[in-house]
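1. missing the sequence, but the structure's below:
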């Protein structure tokens with residue numbers, strides 16, 4: 001059977017990338033792993049495996065449901081599972097051979113998943129399986145292939161590369177005793193346009209950079225992985241990140257009554273994302289071929305990396321103010337965190353753009369605390385120097401669409417004591 005190529009659409013005014021109704025965004029292995037480990041480490045307060053698995057079902061089931069509704073000829077169980085498997089690989093999650101499944105109970109094996117390989121490369125061995133996202137993806141695919149509601153299949157991982165096994169194995173079982181599953185908000189509450197953006201003067205051609213990056217064939221290779229910019233990317237589900245983050249935040253607050261605990265944890269995940277994703281981009285051949293020739297000064301590097309961020313599906317980022325070595329004011333229109341929060345939970349009482357908050361601080365730390373222009377090694381020691389010293393920059397979100405503001409805004413300045 002011919003490999004299925006998903007149709008991915010761009011919403012120009014919202015700067016969103018849509019896969020059959022679900023927003024998808026690029027994130028790297030470092031962010032994926034650190035965010036998951038953050039949630040797992042909160043295990044004394046929450047049921048981490050449940051949240052991480054349900055997050056995948058929450059986003060993947062509606063995507064596949066919409067796909068099959070638009071393609072009514074894809075009706076056979078094996079064909080539906082083959083399509084789901086091809087999408088899993090196209091998005092960079094690895095290889096998930098499902099098309100031989102004919103019964104509602106069984107198991108599948110694979111040597112390649114994004115999470116298991118990435119964990120082994122980063123932290124070597126752990127004592128329990130790592131692929132909660134794959135468990136949820138498989139559960140959603142099986143439910144639609146057998147025409148059942150979301151949550152109808154219990155999937156557990158019995159073997160994992162991250163545990164030292166030579167293969168990943170997932171066991172699945174059909175069940176009828178499951179709770180009703182919440183509906184994904186899809187694109188959520190989006191902006192109408194971004195006409196109010198007024199970036200600072202720069203030598204960077206943002207539109208050219210954004211279009212060039214969006215046109216690049218960044219998709220899974222023969223192993224279903226996306227090695228690019230010095231990291232391993234996934235074209236992940238925005239509502240997966242939103243669900244696991246906001247549900248974890250809610251559970252931690254209910255258990256501790258401390259509103260800042262989860263916020264600090266998720267902002268740190270944003271720091272890790274900026275350090276590795278932005279640092280990797282600004283050290284890559286693609287950067288030096290496409291963006292570096294436009295940079296006349298260090299401030300152009302800031303506008304250049306923001307242009308790259310705007311090609312990742314995260315919304316529109318705009319540099320409103322930049323005082324070299326002192327201050328950055330960043331505006332974000334239509335960020336996926338606010339879109340999703342408003343669509344699923346309604347109006348928030350506190351800022352919710354944790355990824356951007358950490359990412360904004362990361363830009364200033366990489367360029368004005370460290371010196372990414374000299375291509376330093378992006379290791380743990382350098383990360384500590386940038387984000388855990390008296391000279392580090394921190395970001396404060398002062399506006400948030402999830403709270404009712406027209407856009408999100410962040411002020412990044414050096415830590416003061």
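-> Cool, got the structure. The model shown is predicted, which means the values in this text are computed figures rather than measured ones.
2. Would you map the helices across this structure?
-> Here the chain has its helices, by DSSP state H, at 29-41, 48-70, 77-90, 114-123, 132-145, 206-215, 238-256, 259-273, 279-281, 285-286, 298-309, 336-344, 354-364, 380-387.
3. Any chance of CSV for those, columns distance to residue 401, mean pLDDT and mean neighbour count?
-> In this view, the C-beta of every residue, glycine as well, is placed from N, C-alpha and C. Output for the helices of the chain, formatted as CSV (distance: least, Cβ to Cβ, whole Å; pLDDT from 0 to 100; neighbours: other Cβ atoms under 10 Å):
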stretch, distance to residue 401, mean pLDDT, mean neighbour count
helix 29-41, 21, 95, 22
helix 48-70, 20, 97, 22
helix 77-90, 30, 97, 22
helix 114-123, 30, 96, 20
helix 132-145, 27, 98, 26
helix 206-215, 21, 93, 16
helix 238-256, 13, 95, 22
helix 259-273, 17, 89, 19
helix 279-281, 26, 95, 24
helix 285-286, 31, 92, 14
helix 298-309, 17, 97, 23
helix 336-344, 4, 97, 25
helix 354-364, 11, 96, 27
helix 380-387, 26, 93, 16
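4. Pipe these into CSV and attach distance to residue 229 per row.
-> Putting the helices of the chain into CSV (distance: least, Cβ to Cβ, whole Å) gives the following:
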stretch, distance to residue 229
helix 29-41, 11
helix 48-70, 24
helix 77-90, 18
helix 114-123, 15
helix 132-145, 21
helix 206-215, 10
helix 238-256, 19
helix 259-273, 13
helix 279-281, 5
helix 285-286, 6
helix 298-309, 9
helix 336-344, 20
helix 354-364, 15
helix 380-387, 17
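5. who wins for proximity to residue 11 among those?
-> Of all those, the one in closest proximity to residue 11, counting by Cβ to Cβ, is helix 336-344 (10.9 Å).
6. quick check: angle from that closest one to helix 238-256?
-> 70 degrees (axes from the mean of the first three to the mean of the last three Cα atoms, to 10 degrees).
7. Please compute how far helix 336-344 lies from its chain's middle.
-> Taking Cα atoms, centre = their mean, to the nearest Å, the mean C-alpha location of helix 336-344 is offset from the chain mean by 14 Å.
8. what do you get for stretch 226-243?
-> With Cα atoms, centre = their mean as the basis, stretch 226-243 stands 5 Å off its chain's centre.
9. Tell me which of the helices of the chain sits nearest to residue 164.
-> When the helices of the chain are ranked by distance to residue 164, counting by Cβ to Cβ, first place goes to helix 114-123 at 8.6 Å.
10. helices or strands up against the closest one?
-> helix 29-41, helix 132-145, strand 231-237 (3 or more Cβ pairs under 8 Å, 6 or more residues apart in numbering; DSSP states H and E).
11. how about 10 Å then?
-> helix 29-41, helix 132-145, strand 153-159, strand 168-174, strand 231-237 (3 or more Cβ pairs under 10 Å, 6 or more residues apart in numbering; DSSP states H and E).
12. ok, and for the fourth one, which residues are buried?
-> Read it as strand 168-174. Taking 16 or more other Cβ atoms under 10 Å as the basis for neighbour counts, the residues of strand 168-174 that come out buried are 168, 170-172.
13. Starting from it, tell me which strands it pairs with and how they run.
-> If you go by DSSP bridges, strand 168-174 pairs up with strand 106-110 (antiparallel), strand 153-159 (antiparallel).
14. how about the first one: buried residues?
-> Of all the residues in strand 106-110, those buried under the rule 16+ other Cβ under 10 Å are 108, 110.
15. any chance of the helices and strands packed on helix 114-123 in CSV, plus distance to residue 344?
-> As requested, the helices and strands packed on helix 114-123 are exported to CSV (distance: least, Cβ to Cβ, whole Å):
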stretch, distance to residue 344
helix 29-41, 18
helix 132-145, 17
strand 153-159, 23
strand 168-174, 27
strand 231-237, 13
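16. Residue 321: which of those is closest?
-> When these are compared for distance to residue 321 using Cβ to Cβ, the nearest one is helix 29-41, at 26.6 Å.
17. Residue 362 - nearest residue in space that isn't next to it in sequence?
-> Nearest-residue entry for residue 362: residue 274, 2.2 Å, with adjacent residues in sequence omitted and distances by Cβ to Cβ, 6 or more residues apart in numbering.
18. cool, residue 284 as well?
-> If you skip the residues right next to it in sequence, residue 284 has residue 229 as its closest partner in space, 4.5 Å away by Cβ to Cβ, 6+ apart.
19. just residue 387 next, same as before
-> The shortest distance from residue 387 to any residue that is not its chain neighbour, by Cβ to Cβ, 6+ apart, is 5.2 Å, and that residue is residue 271.
20. got the contact list for that neighbour?
-> When contacts are counted by Cβ atoms under 10 Å, 6 or more residues apart in numbering, residue 271 touches 31, 34, 357-359, 361-362, 365, 383, 386-388, 392, 394-395.
21. Can you tell me which of the residues you listed is closest to residue 62?
-> Compare each of the contacts of residue 271 with residue 62 using Cβ to Cβ and the shortest gap goes to residue 31, at 23.2 Å.
22. quick one: the closest one from residue 200, how far?
-> Here residue 31 is placed at a distance of 27 Å from residue 200 (Cβ to Cβ, to the nearest Å).
23. Run through the residues that contact the residue nearest to residue 284.
-> Residue 229 is in contact with 26, 28, 218, 276-287, 308, counting by Cβ under 10 Å, 6+ apart.
24. From residue 65, how far off is it?
-> Using Cβ to Cβ, we find residue 229 at a distance of 32 Å from residue 65.
25. returning to what we had before: look at the residue nearest to residue 284 and report its pLDDT.
-> pLDDT, residue 229: 90.
26. what's the spacing between it and residue 14?
-> Residue 229 sits 24 Å away from residue 14, taking Cβ to Cβ as the criterion.
27. Next, count neighbours for residue 99.
-> 19 (other Cβ atoms under 10 Å).
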